[in-house]
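**Q** Have a look at this prediction, sequence included:
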2 protein chains.
Amino acid sequence: MTHPAFSTDLSRLIRPRSIALIGASERPQSIGGRTLSNLLDHSQIDGELYLVNPTRTELRGQRCWPSIASLPQTPDVAVIAVPASGVIAVMEECAARRVPFAIILTSGFGEAGAEGERAQARLKEIAEQAGMRIYGPNCPGLTNVNQRLGMTFSPSFPHDLVKGPIGLATQGGGLGRNVMQAMERGIGIGLWASTGNEVDLQVADFIHYMATAPDIKVIVTLLEGIKDGPRFLAALQCAADNGKPVIALKVGKSEYGQRAAQSHTASLTGSAEVNSAVFRQYGVIEVDDIDELVDTAWLFARAMPGEREAIGVYCSSGGTTALTADAVGTAGLTLAEFAPETTALLRSKLPDYAAVNNPVDTTAAVLSDADLIESTLGAVAADPNLGCVIAPIALDYGETTIRMAQTIIAAQKRVQSPIVPIWMSDRLGEGYRMLVAAGFAPPRSIGKAIAAIRRWTEWGRQHRGAAGRPIRRLPVAAPSAPAGAVRSLSELQAKALLAQAGIPLLPVAVARTRDEARQLADGMGYPVVAKIASPDILHKSDIGGVRVGISDGAQVELAWDDIMASARQHKPGAAIDGLLIEKMAPGGGVELMAGVTRDPVFGHVMTFGLGGVYVEILRDVTRRLLPLSPADAASMVREIRCFPVLAGARGRPVADVPALERLLLGVSEFVMANAARIEEMDLNPIWVGAEGEGALPLDAVVVERSAA
Amino acid sequence: MTHPAFSTDLSRLIRPRSIALIGASERPQSIGGRTLSNLLDHSQIDGELYLVNPTRTELRGQRCWPSIASLPQTPDVAVIAVPASGVIAVMEECAARRVPFAIILTSGFGEAGAEGERAQARLKEIAEQAGMRIYGPNCPGLTNVNQRLGMTFSPSFPHDLVKGPIGLATQGGGLGRNVMQAMERGIGIGLWASTGNEVDLQVADFIHYMATAPDIKVIVTLLEGIKDGPRFLAALQCAADNGKPVIALKVGKSEYGQRAAQSHTASLTGSAEVNSAVFRQYGVIEVDDIDELVDTAWLFARAMPGEREAIGVYCSSGGTTALTADAVGTAGLTLAEFAPETTALLRSKLPDYAAVNNPVDTTAAVLSDADLIESTLGAVAADPNLGCVIAPIALDYGETTIRMAQTIIAAQKRVQSPIVPIWMSDRLGEGYRMLVAAGFAPPRSIGKAIAAIRRWTEWGRQHRGAAGRPIRRLPVAAPSAPAGAVRSLSELQAKALLAQAGIPLLPVAVARTRDEARQLADGMGYPVVAKIASPDILHKSDIGGVRVGISDGAQVELAWDDIMASARQHKPGAAIDGLLIEKMAPGGGVELMAGVTRDPVFGHVMTFGLGGVYVEILRDVTRRLLPLSPADAASMVREIRCFPVLAGARGRPVADVPALERLLLGVSEFVMANAARIEEMDLNPIWVGAEGEGALPLDAVVVERSAA
């Protein structure tokens, strides 16, 4: 179930039948020397390894070939470890030989100034002409732990020994290597792609590969910038279709981070808000830090979330029990109600003063009688009402803690729901090592464990979904790269466009004379609003160009005179079309807003939320890539913090939510139908009345881009 | 600088000249046996240790005494390790002998049902009559690491070997022991008090002690409930006066946590919001989890924050640099601008493609040339523009990482600003151990390190303060324990009370006749609002009892007729005082709110924030214990999220903030002057006009408690 337009068959890159190492070297600290050692000493190569070095006939007892052209067969992968000055010549040779994949380890390209950028563009050209795919440059290489193949110069590869179900796709190497070292928790990373400058192959391609790779269950990605939005989305869609969680850490949430990432990878990080919205929309789990990423991914690697979401807590310290229960509640998770037999068993075994309802506090009684752990933890873990058990271990108490670890390990063998031990102590004793060896990957604090469990639970809920397939299938298309000039439509033009598109609006028209103004207003019914209509006057209220609450014909005429006088006084040369007359919104109602912008990576994005004066201060908004589905519109309305106001909080009337949803969908359809043309839209405020009264944009800004 | 009313001299408890252990036992796993071993084998006692056990004449070569009465001198401390059934008899003996302090280790009192509670009340009675102070019961004892004295049964005491400047005051033992194990990070805890059921001595007493103890620099506390608010505040005040940071973790932020804590300690946890407000007001650093607590406290133990707040970042991985910069920005911290000489030095040493401005990315060049670290990290750390340097270590890269650790240790010796290494890898190699041994206590993730630095920086800012002494000195008094009946005043009564107290209000009065209503309105000037005035009608609008926007005398009379008719129809038997006539608030303005409640632990607390329909949904509020200082009122107004609306955001007029501050101070003074009487107040909405227009409560609820 890959997405054909964006899927590349990477199997010969990841499991090549033959590899050529160009720049193989005997100097152990050089890039070529380290890569040679990783391939010769630490990899299990199913096929041929050719060493290429024109200055040698032999290296470490292996034959050396003078060039790629001289090789007896075309290798699947050329691993290029020559200095930057030699890379282009080598790539030309690879192209001539029709090598399908080149891994360029060498640095000094796009990340190293204008000259490097030119060289990098040339690499791309060579590869495109030959139909060759490039991985890199400026990368540590590809680390295939599950097949024990290290096409990498990393001196750490010999220690990357823990095979496992986690796939890791990163751009930079340092942070990726940090995640690799989380193998110390006892669960391994089967494949690590660190794509460097991404002149061709991107993180997205490896996510797509991992989404269908049978040995990968959980996908982890670290991103500094996303080069190709649709390609990335297709990969996420494929992972969702295959039921594999994607856990992502994206740099660029603050200006400092954006600047630093740009200086590191020379790629724009994009808008953090848009990225996060896209992640949510595709069911990607976004984390803020590496430790959160590891806690979450390793939990998924242990077990996938099931139907039961409630949690059991089992602990021998009262304070720790309370702190854990607190964190469960603060995270919005639910403590399970134990089945009667669970509570009965706990009551029969534990001291009178123990807490036998969830959260369980065995009390320190277990410290002097470790048998108590065995007879009670198993019963909690087997309770039919819970989906996982948290077992915080506050202390390293030597033998008692070892017994606790052994009991957790034994109990887990008998139950499906994961038991999540939290190793809270800075003392990492034998109990910790036993849990690691048994694959428990214990989180190191209550907060971190609960954060991981919350993400795990929410992912499960989203992917079960009411409709069974909650992750949207977007029509994936490259966002158009518009080039023409940009202009703002007048309010009347904007509203006319919206009205054509079937979006409900209050009656509005421009009167060219005072009489016409009165007739228009009479026709609409009072009260009305009058605004100066002039392409030269943008800030109408600043020059006295707006009058609200006009309640009869006489007031319309008065408004005409006042506004025209005021406009002539403040903007003597302005071209004046007349007076815009609009029916005034009814009293009551709530003010919301919807805006559309064009994200350079992902295309049109809608922002919806609280309108009026609080919009920028309270930032009570939510976002979606367009087009919206009806389910998207419904959830956008419900996920803003102010939704209770629409739902009738504090004695307010219930708002016309269906009309609001129709409005959002209408805007989405309008923008999609005019995607090349619409640069930006802002409907603020949108008036939403009580049930049956409708939802109406009161003001509309549309910014168009003309064809170039 | 202790607070005399709440300060107890604990020096003879913490450094006793003589100790009696009652219940000394030879069974190594018993409470009495473990305590004996801790005292005999692992403590350095400056004075006498008396063992009391009537069944023995000798234990482990030490003389045993049959009773406290038989001892040759009165011990400073009696450590009681007998079973629960024997504790009261022992306490009576101690009282007879005038023992000043008893540490009761035994469990089975307040935490163990009604019988235990009765026994505990008896303990308190005995102690109070004799002027004896009790520590416990149901506690692990007192651990004085700096003087190497363990009056505790904990089998971990022999490992509590790292002396240090941190003082730890907890209620429960398990979580406290968890913090004790953070000694593994290389900085020790000098004194740990774990006060158990707190029948007498409380956590507050030990905070107060530590606030003046010369060997304690940083105070850490874990709280499940606060028994005595004023005593606790006096301790916090003393710590603030002595410039010692207090880092607090308080259980009970969610309902689950409150229930669990209550079941554990049988004490109410109080309102989490009020606790947090009190903590902020006293400069206490509140954390949410143990790992945050340790990261923060250990950073304070390393260095106190100085005047320079800007941060340097030094790293060898580009992605890690960007992630760190991101976290600095997200936390609202500032990256330092390097001095020109720092940048010049970095440029001369590092590769062209390194980032030589803050954040520094040395690139992986340092992995092959570790001398580069030495020549550049020192320059960054010595930069005159920064207050600390963050050095994230993404990888355990063996020798290179060891060199990095050595360089950090060497560089720190030459500079004041702390260098904060972050050990991000799950692989804890030699480099980690070197940093720990050198007292760096490395945090384990970027997020955790930045959170600690943010708290450290903010504490520094608050404690430097503009006025030099920003922590308030409250008139500390026990909140009155009111017992009388509670009643709501009518709106007119409430407003009359406020008006008496000098709080500005719109003109308001009750008219008894239709004529009087018109006269009152004419006198106030139009528009006015009319509301039914009846002690029997609370929800006035529900019965058509409110009319707004009345603009002339005829409309007043109409309103009288309509409202009276409506009231008679809907509430036929209601006693009607007349019609409340109030001048209507001017147009424009912002709606805020202020409320006062009485917290059972701390007394009257004001909540201030956004008013109207959004108040409960957006929860944009802040809180303070009363009385407010002018500085409190000013910062309350400025710390709500909506403050930009008052400050003139989006073209709004600047609001009358001075009037709003005066209003809050006026309410505070009014409540303090009537503290016994005022149970609750709610001014919602408060209308705040533009500069010079004032701030006026439009509605007022006052709930009074009459004398019992």
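**A** That came through, no problem.
**Q** Start from the N-terminal end of the stretch 101-250 of chain A and give the strands.
**A** A:101-104, A:133-135, A:141-144, A:149-152, A:166-170, A:189-194, A:218-223, A:246-250 (DSSP state E, counting those that start in this stretch).
**Q** so where's chain A shaky on pLDDT?
**A** For chain A, the stretches flagged by pLDDT under 70 are A:1-6, A:264-269, A:465-483, A:613-616, A:650-651, A:707-708.
**Q** So the spatially most central residue of it, which state does it fall into?
**A** With distances taken as CA atoms, centre = their mean, the residue of chain A nearest its centroid is A:Phe279 (3.0 Å). Here A:Phe279 is helix, with the state taken from DSSP: H, G, I helix; E, B strand; the rest coil.
**Q** so the nearest residue to it once chain neighbours are set aside bridges to which residues?
**A** Among residues not flanking A:Phe279 along the chain, A:Glu286 sits closest, at 4.6 Å (CB to CB, 6 or more residues apart in numbering or on different chains). All C-beta atoms are positioned from the backbone trio N, CA, C, and that covers glycine. Note on A:Glu286: beta-bridge partners by DSSP bridges are A:Ala248.
**Q** Ok, A:Leu592 next?
**A** For A:Leu592, the beta-bridge partners under DSSP bridges are A:Leu610, A:Ile686.
**Q** I figured it was touching A:Leu660, is that so?
**A** Yes: at 7.1 Å, A:Leu592 and A:Leu660 qualify as touching, with contact defined as CB atoms under 8 Å.
**Q** Which residues are in contact with each of these two?
**A** Taking CB atoms under 8 Å, 6 or more residues apart in numbering or on different chains as the contact rule, A:Leu592 and A:Leu660 both touch A:Ile686, A:Val688, A:Ala695.
**Q** Most neighbours among these, please name it.
**A** When neighbours are counted by other CB atoms under 10 Å in any protein chain shown, A:Ala695 leads the shared contacts of A:Leu592 and A:Leu660 with 27 neighbours.
**Q** ok, the residue nearest to A:Val420 when sequence neighbours are not counted - how many residues close by?
**A** Excluding the flanking residues, the one nearest A:Val420 by CB to CB, 6+ apart is A:Ile390, at 5.1 Å. By the criterion of other CB under 10 Å, A:Ile390 has 27 neighbours.
**Q** just A:Lys413 next, same as before
**A** 8.
**Q** just A:Gly502 next, same as before
**A** Neighbour tally, A:Gly502, other CB under 10 Å: 10.
**Q** A:Asp515 too?
**A** If we define neighbours as other CB under 10 Å, then A:Asp515 has 13 of them.
**Q** what's the helix or strand for it?
**A** Taking DSSP states H and E as the definition, A:Asp515 sits inside helix A:514-524.
**Q** That helix packs against which elements?
**A** Contact here means 3 or more CB pairs under 8 Å, 6 or more residues apart in numbering or on different chains; DSSP states H and E; on that basis helix A:514-524 packs against strand A:508-511, helix A:553-570, strand A:578-583.
**Q** As TSV, those with distance to A:Lys163 and mean neighbour count would be great.
**A** Shown next, in TSV, are the helices and strands packed on helix A:514-524 (distance: least, CB to CB, whole Å; neighbours: other CB atoms under 10 Å in any protein chain shown):
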stretch	distance to A:Lys163	mean neighbour count
strand A:508-511	67	20
helix A:553-570	75	16
strand A:578-583	68	24
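**Q** Looking at A:Leu592 and A:Leu660, which has the bigger crowd around it?
**A** Set side by side, A:Leu592 and A:Leu660 show more neighbours around A:Leu592, with 30 against 25, by other CB under 10 Å.
**Q** hmm, what's the outermost residue in chain A?
**A** Distance-from-mean max, chain A, by CA atoms, centre = their mean: A:Ala554 at 57.3 Å.
**Q** Could you export the shared contacts of A:Leu592 and A:Leu660 to CSV, including columns for distance to B:Met434?
**A** Output for the shared contacts of A:Leu592 and A:Leu660, formatted as CSV (distance: CB to CB, whole Å):
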residue, distance to B:Met434
A:Ile686, 61
A:Val688, 63
A:Ala695, 64
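**Q** so which of these comes closest to chain B?
**A** Nearest to chain B among the shared contacts of A:Leu592 and A:Leu660, counting by CB to the nearest CB, is A:Val688 at 13.4 Å.
**Q** State the distance from the closest one to A:Met636.
**A** In this view, A:Val688 and A:Met636 are 13 Å apart by CB to CB, to the nearest Å.
**Q** do the same with A:Leu346
**A** 45 Å.
**Q** try A:Asp369
**A** A:Asp369 is 55 Å from A:Met636, by CB to CB.
**Q** Show me which of those two is the more surrounded one.
**A** Taking neighbours as other CB under 10 Å, A:Asp369 and A:Met636 compare with A:Met636 leading, 23 against 14.
**Q** Test my guess that the more buried one contacts A:Leu665.
**A** No: the pair A:Met636 and A:Leu665 fails to qualify as a contact (CB under 8 Å) at a distance of 10.2 Å.
**Q** Which neighbours do these two have in common?
**A** A:Leu628.
**Q** who are the neighbours in contact with A:Gly312?
**A** A:335-336, A:338, A:358-360, A:380-381, A:383, A:386, A:388-390.
**Q** Pipe those into CSV and attach distance to A:Leu293 and secondary structure per row.
**A** Below are those laid out as CSV (distance: CB to CB, whole Å; DSSP: H, G, I helix; E, B strand; the rest coil):
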residue, distance to A:Leu293, secondary structure
A:Leu335, 26, strand
A:Ala336, 27, coil
A:Phe338, 33, coil
A:Asn358, 29, coil
A:Pro359, 27, coil
A:Val360, 30, strand
A:Val380, 29, helix
A:Ala381, 27, helix
A:Asp383, 30, coil
A:Leu386, 26, coil
A:Cys388, 19, strand
A:Val389, 23, strand
A:Ile390, 20, strand
